[in-house]
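Enquirer: Sequence first, then the predicted structure, then my questions.
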Amino acid sequence: MADDTTLQGYIDRASRTIDRLTRFTITDLSTYSAYVQDKVMLATASQVEYLAEYGPTSTTVEGSGGGFSIGAYSESGGGSSSSFVGSSDVLDYLNAAGLMYAGVQTLDGGYCG
């Protein structure tokens, strides 16, 4: 890694990515369980490693699938118009912590979605 300024830039960018992926639900990480805090820190570290290896403007998607064609029909890989660019570990850690769920809480305290 080049220097402390570069590292801090990667950490800041990775933190913004985690905020975006969790829909800005984490306002004070210390209020979460140690398990969730650990997963968020691992996700952030994984994204910093990705940025250090591929660069902050990388368009490479780790593990991205290719497209296919059948006759006149073709489809490209992906599936979402707002695809995540970064380490696939980030999504695994955030999913394990329960921070990626986008359902709607119902009046009885349950979720639907």
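Expert: Perfect, thanks for sending it.

Enquirer: And the helices in the chain?
Expert: Counting by DSSP state H, one finds helices in the chain at the ranges 4-21, 34-54, 88-96.

Enquirer: And the ones you listed: which comes nearest G103?
Expert: Comparison of the helices of the chain against G103 by Cβ to Cβ identifies helix 88-96 as nearest, at 13.5 Å. From N, CA and C alone the C-beta is placed, and that goes for glycine too.

Enquirer: Now do that closest one: which elements does it pack against?
Expert: helix 4-21, helix 34-54 (3 or more Cβ pairs under 8 Å, 6 or more residues apart in numbering; DSSP states H and E).

Enquirer: got the buried residues for that helix?
Expert: For helix 88-96, a neighbour-count test (16 or more other Cβ atoms under 10 Å) marks D89, V90, L91, Y93, L94 as buried.

Enquirer: JSON lines for those residues, including distance to Y101?
Expert: JSON lines is the format used below for the buried residues of helix 88-96 (distance: Cβ to Cβ, whole Å):
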{"residue": "D89", "distance to Y101": "18"}
{"residue": "V90", "distance to Y101": "16"}
{"residue": "L91", "distance to Y101": "13"}
{"residue": "Y93", "distance to Y101": "14"}
{"residue": "L94", "distance to Y101": "10"}
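
Enquirer: Let me know the closest of those residues to E53.
Expert: D89 (12.4 Å).

Enquirer: what's the distance between D92 and L99?
Expert: Counting by Cβ to Cβ, to the nearest Å, the gap from D92 to L99 is 12 Å.

Enquirer: mind listing what's buried in stretch 34-41?
Expert: Buried residues in stretch 34-41 (16+ other Cβ under 10 Å): V36, K39, V40.

Enquirer: model confidence over it, on average?
Expert: For stretch 34-41, mean pLDDT rounds to 97.

Enquirer: Pull the residues that contact it.
Expert: Contact partners of stretch 34-41, identified using Cβ atoms under 8 Å, 6 or more residues apart in numbering, comprise I18, I26, L29, S30, Y32, Y93, L94, A96, A97, G98, L99.

Enquirer: just how off-centre is it within its chain?
Expert: 14 Å (Cα atoms, centre = their mean, to the nearest Å).
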